[in-house]
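Visitor: sequence first, predicted coordinates after that:
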There are 2 protein chains.
Amino acid sequence: MIKVIKNKNSEDKKFIEKLLKRNQLEIEKINNQVKDILYQVKTYKDEALKKYTKEFDGVWIEDFLVSKYEMEEAMNNINTQLKEDLINIKENIEIYHKKQLKKSYFIEKENTILGQIIKPIEKVGVYVPGGKAAYPSTVLMNVVPAKIAGVKEIIMITPPDKDGNIKDSILAAAHISGVDKIYKVGGAQGIGALAFGTESIPKVDKITGPGNIYVTIAKKQLFGYVGIDMLAGPSEILIIADKWANPKYIAADLISQAEHDERAAAILVTSWEPIVKEVLYQIELQIKHNDRKEVIKKALKNYSAIIITDSLEESIEIANEIAPEHLEILTENPFDIYKNIKNAGAIFLGEYSPEPLGDYFAGTNHILPTSSTSRFSSPLSVDDFIKKTSLIYYDKEALMKSKDCIIRMAKEEGLPGHANSIKIRFEEM
Amino acid sequence: MIKVIKNKNSEDKKFIEKLLKRNQLEIEKINNQVKDILYQVKTYKDEALKKYTKEFDGVWIEDFLVSKYEMEEAMNNINTQLKEDLINIKENIEIYHKKQLKKSYFIEKENTILGQIIKPIEKVGVYVPGGKAAYPSTVLMNVVPAKIAGVKEIIMITPPDKDGNIKDSILAAAHISGVDKIYKVGGAQGIGALAFGTESIPKVDKITGPGNIYVTIAKKQLFGYVGIDMLAGPSEILIIADKWANPKYIAADLISQAEHDERAAAILVTSWEPIVKEVLYQIELQIKHNDRKEVIKKALKNYSAIIITDSLEESIEIANEIAPEHLEILTENPFDIYKNIKNAGAIFLGEYSPEPLGDYFAGTNHILPTSSTSRFSSPLSVDDFIKKTSLIYYDKEALMKSKDCIIRMAKEEGLPGHANSIKIRFEEM
């Protein structure tokens, strides 16, 4: 059910490449469909949103805004334990993320001031998926860093169910984390509404949060017009294990990844070949009673692998090449190994740090770069909700000292107007 | 030649909107052309690069790599003064950008460690435009922050001229700032080469640097597959001026922006109506002897404006709405005003801080967010060349304490495998 490969021949390499290119961003049909949806939303605004919500979510929504009454009801409906859990998790996320807040800096010397001013982004739109992938934890992961950054207005959108409702736990998480407004709209049409604004939904400066392929493609198409956090693909885990690792835990953690999505990837990389048989046995055993068995089987069969290597060093090399979203290090000395990891969204060290700990509790962000993008991108953080502005001040004396160099460079680059802008300031009146 | 408007009626609003949407990212024809180019480069690699370089740059290049000999020759060809200038500018950029370098952080408590690990991106590709827009200063602005971040390998690409050469000053700036390898290829094909890799050009993790519309659309299409800094549009300036401002300087600075590109935008916002006539007069006077007169006239006519407001407050409001790349504050008390600026790439304070000072000398980055994107994005900085990884470690006791909350959340979200991954660690053997 899960491919066992020795990463030696080119065919296996190809399989790994396939794993990493499963984000499907290039599906022409979806691209065109999304383009059309965005055009309709831009042009017909609320009218288009209503039409698409009826078509895709099966419900006619007249007023997209979640009312105060709906919010109160949701807070009453959820049990005290869940409320407490959400508050605790929120606090853990706050502790971790507060350290990310940066201050402006200024460099003053000899009649000059240079600065980097940090400001929050004014308005942010947060996307929260609906249906089975409607996770209250994801609401917290999105909103808490935005709040810490000081974002003035946080607009959340999420698709309604067939009765026009949003899950209580989603509304509760939004309330607890301080979302300003929630609208019942999802998909590419929701992303379009946030980017362009409609009669009822305000235009935002940046959109964050994971979504399905339509949402992701809409974000990609709007990149540059509106701020985008990252393009989320299906989730993935890579586990580096040695002789010391417990096959029961390995199997459990591969399964926990695979249950997310039929296109999730669960990869074990080990130089200890005897463990493979035990892991395979444990997978069979553990999925028997899992309700999401069918999803798990598909993910394991199509996008997962056990890779046998010659050494721990080779295992690390493969991990760096794959650049996984989640990396578990289940080895004797995980602290020695993580220092050699160049690319990963989040690293989980040792046998008592399984991935769900990061999803729900520890406080690090669970919105992470997928599909090898940890080579160049990072977990969602406070940085995603701020922007910087440079500040330049020179007085007359300071500009006088610098003017010759500036004029020479302007001439070198063929920009006489640039030279003139300096020269004119020192001409006789 | 430059539209004078009072920002009151909707027609004028539309004109301003037009200014800000001039990046042309949605031109269908170019989009399809770029898509085809990228496909060809991905499939036929060097062969495709050679074909396109012949087609677009008018020269057949057999070996794209700039040789050590060519580099030495360039360093010999440039005069000592330019060399000195480039070194000075480089040092100024270093001083400003070194303050951006962040350290990893770790939070240790009660048998748990959380961390945010900062690492440089491994391989970065830097795009440098060719022809008239080949600016050695832009090389420094790209490469210095990458070096400070600790990027392991910096690959620069730039289109060759008709004889297959690169400008000496470009090569010199690359050498001085420490580029590892330079390849003679530009356009969408060059971006494709960096993203996919070819026989001669290595695949990189992220691509930075401004380029023409083909380059920008190629970057947009590859966003998510490879890291992208931002989508650069044509340059723009907005000047806030009051009674106190010198119309000569205003005119000079509007012109210096307009000379970049026929689609550059130069906007003056002032509540002091009498200044308008003087500025118009000065523009006429100053462009007379400018070699780039034709470009300037087009930019001023099509994408520029003088906006008359009722108050300084309204001027500030308009600046925030337009969110300009460059903002000059030419008022009596610029230091009071900049604090109210929410959106701008770079702010220039007072009459001796003209925009070319930032382009060439001060040390702040001149690669800035254009077309209103300073609402959500920032000047190029060291942050663009690092990535973060989260670290999570819990020991058995710590996970034991947290396990109930994690299991409850996993159940709430309908992910039994996540719950099992925790439970299994505390089952009897």
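Guide: Ah, there it is.

Visitor: find the closest residue to chain B in the stretch 151-300 of chain A.
Guide: Taking C-beta to the nearest C-beta as the measure, the stretch 151-300 of chain A has A:Gly227 as its residue closest to chain B, at 3.0 Å. (C-beta placed from N, C-alpha, C; glycine too.)

Visitor: and the pLDDT for that residue?
Guide: Confidence at A:Gly227, expressed as pLDDT, is 96.

Visitor: okay, now it: neighbour count?
Guide: Neighbours of A:Gly227 under the rule other C-beta atoms under 10 Å in any protein chain shown: 25.

Visitor: contacting residues around the one helix or strand it maps to?
Guide: Using DSSP states H and E, A:Gly227 sits in strand A:227-228. Applying C-beta atoms under 8 Å, 6 or more residues apart in numbering or on different chains, the contact partners of strand A:227-228 are A:121, A:205-208, A:219-220, A:222, B:373, B:375-377.

Visitor: for A:Phe348, which three-state class applies?
Guide: State at A:Phe348, reduced to three classes by DSSP: H, G, I helix; E, B strand; the rest coil: strand.

Visitor: list the contacts of it.
Guide: So A:Phe348 contacts A:326-329, A:354-355, A:357-358, B:392-393 (C-beta under 8 Å, 6+ apart).

Visitor: for the stretch 251-400 of chain A, give the residue positioned nearest to chain B.
Guide: Minimum separation of the stretch 251-400 of chain A from chain B (C-beta to the nearest C-beta) falls at A:Phe376, amounting to 3.0 Å.

Visitor: how about that residue, what does it touch?
Guide: Each residue near A:Phe376 by C-beta under 8 Å, 6+ apart is listed here: B:121, B:205-206, B:226-227, B:387.

Visitor: farthest pair in these?
Guide: Farthest pair in the contacts of A:Phe376 (C-beta to C-beta) is B:Val226 and B:Lys387. Separation: 13.0 Å.

Visitor: mind checking which of those two has more residues around it?
Guide: Using other C-beta under 10 Å, the more surrounded residue of B:Val226 and B:Lys387 is B:Lys387, with 29 against 22.

Visitor: so what sits opposite that one in the bridge?
Guide: Listed beta-bridge partners, B:Lys387: B:Lys119 (assigned using DSSP bridges).

Visitor: does it touch B:Ile117 like I think?
Guide: No: contact criterion C-beta atoms under 8 Å: B:Lys387 and B:Ile117 do not qualify, at 9.2 Å.

Visitor: what's the longest helix seen in chain A packed up against?
Guide: Selection of the longest helix in chain A by residue count, based on DSSP state H, yields helix A:80-98. Judged by 3 or more C-beta pairs under 8 Å, 6 or more residues apart in numbering or on different chains; DSSP states H and E, helix A:80-98 is in contact with helix A:136-149, helix A:168-177, helix B:396-412.

Visitor: distance from the chain centre to the helix or strand just after it, please.
Guide: Using DSSP H and E, the helix or strand that follows helix A:80-98 in sequence is strand A:105-109. Centroid separation between strand A:105-109 and its chain, computed with C-alpha atoms, centre = their mean, to the nearest Å, is 34 Å.
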